[in-house]
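S.K.: For reference, the sequence and a predicted model appear below.
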Amino acid sequence: MLETTLGFGGMVVAPHHLAAQAGADVLDDGGNAIEAMVAAAATIAVVYPHMNGLGGDNFWLIQLPGHEPLGIDACGAAAGLAHPSLFKEQGLDAIPARGPLAAITVAGAVSGWQRALEISASRCRGGIPLARLLEPAIHHARTGFPMTSTLVGNIAAKHSELQSVPGFEDTYHTNNKPRIGERLRQPTLALTLDRLSQKGFDDFYRGEIAKSLVDDLAEVGSPLRRSDFEDHKALEVIPLRLEISGNAVFNMPPPTQGLASLILLGVFDRLGVERADSFEFVHGIVEATKCAFRIRDNHIADPSFMSVDPTSLLDPGHLDSLAAGIDRRRASPWPAPSTGGDTVWLGAIDAEGRCVSFIQSLYWEFGSGIVLPGTGVTWQNRGTSFSLDENHHNCIQPLKRPFHTIQPALAKLNDGRVMVFGTMGGDGQPQTQATIFSRHAIFGQPLQQSITAPRWLLGRTWGQSATSLRIEGRFGPEICKQLSDAGHPIDVVSDFDEIMGHAGALVLHPNSLMEGAADPRSDGRVVPSRQ
């Protein structure tokens, strides 16, 4: 069983060991946590291509010593041509999840790396050359890396729906049925990363790479055009904040579901649960999840289009009323839709106490499935979260930003520690964040135990019509029976099920001690700096 990793000189955690190593090596070279995260983010875009990439989006929470946390919103907006009529004229009643009409939002990930390095240079005296930061990613794309079980499994699982999508078969060789440990090379992506290392990240939006991306997207039938790229930029934002049992917890504002994560924690905190991993613990978080998701599904969208101030939904009186409506022994009805998703969360801390919580995603596995031939970039399908109902708060409109399930978390604990944590998993992200935080920060579980311990997921998977509470078998029959008797439709899954997400966490103590934990459900690792 994994043990909590300890260190002093810096630490990186990622759901793939090559990404964690790339970040830790930057710390060893004197880089800061932001620079380490750029190296790790670029590397994981190569070695975990089913879950994230240059064609996706990302979000950052950055804690600099002596300052309040700041956020980076690197979410790409819908194309200027993306009107509801674009889809309805083709007889569609929903935005497709795969193919050209799923590739309808600008990819913001590279702009997030760019904005983060600007903050690093201006506020942290960062100066590691860009070529050095991208060196590991270029190497792994050019020479190849051994495919893991999660990548091979997802290639096989998604073969039937993606084999005809432009570029997918050529990139992932699905008809050859890749095996675990087989080398995957991405030479075209290596050339793209190499050009970015020489020309800078802006080339992705306004240079030769942008031209190639736009030409290839137009060729396959995407509505994205050059002006959509030129108008894009990552935003520096003020994170949302909520006090939980005396701890300050931070998350991203809309269009992410960070608001839902904080509502969930705020409601659960008011239930007075006394013991982790009990019936009351699981039932309480599940019911708080339902409260948070009802609000999320009715309100969260591009903040420019929202009719309610997100901070008003975190008002103590509002959270009190939500908690008061929860039956402590019975499950409330739950006919709500859910959102699947595949994502990566990474964390970094450096020797100066700078902390980064970072998340990057293509949305569904392999996003739209389109791999653009000129750059090797796999394009996201985040736009499928839009509605075509013109009365819906999240109806697609030109240049509107899509609702995002992904959101990194950060907490300043009441004893002076700083905790960065997160996970992949769509609807599972708020639930897993609440579980990990409450286990560790409220109930005192060791950090690794808080991640390794059995988890659950409320929601549907794609293709299923029934809603259930999926719960890992390690909880045992007694709690499962209690939950079932309370009215929760239980579906017991394997002991360490990947559907529960790939979580991770780092904690910085006031004496500079660092703790790190990775998820045994992933291919991840915590790598401490040698400093």
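M.R.: Good, I have the coordinates.

S.K.: who's in contact with S522?
M.R.: Residues near S522 by CB atoms under 8 Å, 6 or more residues apart in numbering: P15, H16, T150, E498, H502, A503, G504. Where C-beta positions appear, they are placed from N, C-alpha and C, glycine not excepted.

S.K.: after the helix or strand of the chain with the lowest mean pLDDT, next one along is what?
M.R.: Taking mean pLDDT, DSSP states H and E as the measure, strand 456-459 is the helix or strand of the chain with the lowest mean score, a mean of 86. Past strand 456-459, heading to the C-terminal end, the next element that is a helix or strand (DSSP states H and E) is strand 468-472.

S.K.: Which strands border that following strand, and is each parallel or antiparallel?
M.R.: In the sheet containing strand 468-472, the strands it pairs with under DSSP bridges are strand 456-459 (antiparallel), strand 490-493 (parallel).

S.K.: where's the least confident helix or strand of the chain relative to the chain centroid, distance-wise?
M.R.: Using CA atoms, centre = their mean, to the nearest Å, we find the averaged C-alpha position of strand 456-459 to lie 17 Å away from the chain's own average C-alpha position.

S.K.: which residues sit in contact with A97?
M.R.: Neighbouring residues of A97 by CB under 8 Å, 6+ apart: W364, S368, N381, T384.

S.K.: if we look at the least confident helix or strand of the chain, which residues are touching it?
M.R.: Residues beyond strand 456-459 that count as contacts (CB under 8 Å, 6+ apart) turn out to be 282, 286, 289-290, 334, 338-339, 425-428, 431, 467, 469-472, 475, 499-501.

S.K.: circling back to that earlier point, just the contacts of S522: which are in helices?
M.R.: With helices taken from DSSP state H, the overlap with these comprises T150.

S.K.: Out of the contacts of S522, list just those in strands.
M.R.: Taking DSSP state E as the definition of strands, these contribute G504.

S.K.: could I get the contacts of S522 as CSV with neighbour count?
M.R.: Compiled in CSV, the contacts of S522 are given as follows (neighbours: other CB atoms under 10 Å):
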residue, neighbour count
P15, 30
H16, 28
T150, 21
E498, 18
H502, 28
A503, 30
G504, 31
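
S.K.: Is it possible to get CSV of the contacts of S522 that adds distance to P398?
M.R.: Putting the contacts of S522 into CSV (distance: CB to CB, whole Å) gives the following:
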residue, distance to P398
P15, 35
H16, 36
T150, 36
E498, 37
H502, 34
A503, 36
G504, 37
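
S.K.: sorry, back to before: quick one: which of the contacts of A97 is the most crowded by neighbours?
M.R.: The most crowded member of the contacts of A97 is S368, carrying 33 neighbours; neighbours defined as other CB atoms under 10 Å.

S.K.: so what's that residue up against?
M.R.: Under the criterion of CB under 8 Å, 6+ apart, the contact partners of S368 comprise A97, R98, G99, P100, A102, A103, V165, T378, W379, Q380, N381.

S.K.: where's it relative to L224, distance?
M.R.: S368 sits 11 Å away from L224, taking CB to CB, to the nearest Å as the criterion.

S.K.: any residues in contact with both of those two?
M.R.: Between them, S368 and L224 have A103 as joint contacts when contacts are counted by CB under 8 Å, 6+ apart.

S.K.: Closest one of the contacts of A97 to H440?
M.R.: Proximity of the contacts of A97 to H440, judged by CB to CB, is greatest for W364, which lies at 29.9 Å.

S.K.: who touches the residue nearest to the closest one when sequence neighbours are not counted in this structure?
M.R.: Closest residue to W364 apart from its sequence neighbours, by CB to CB, 6 or more residues apart in numbering: N381 at 5.6 Å. When contacts are counted by CB under 8 Å, 6+ apart, N381 touches A97, R98, A102, A103, L362, Y363, W364, G367, S368, G369.

S.K.: just V527 next, same as before
M.R.: Listed by CB under 8 Å, 6+ apart, the contact set of V527 reads M11, V12, V13, H17, A20, Q21, G23, A24.

S.K.: Is it in a helix, a strand, or coil?
M.R.: Secondary structure of V527, reduced to three states by DSSP: H, G, I helix; E, B strand; the rest coil: strand.
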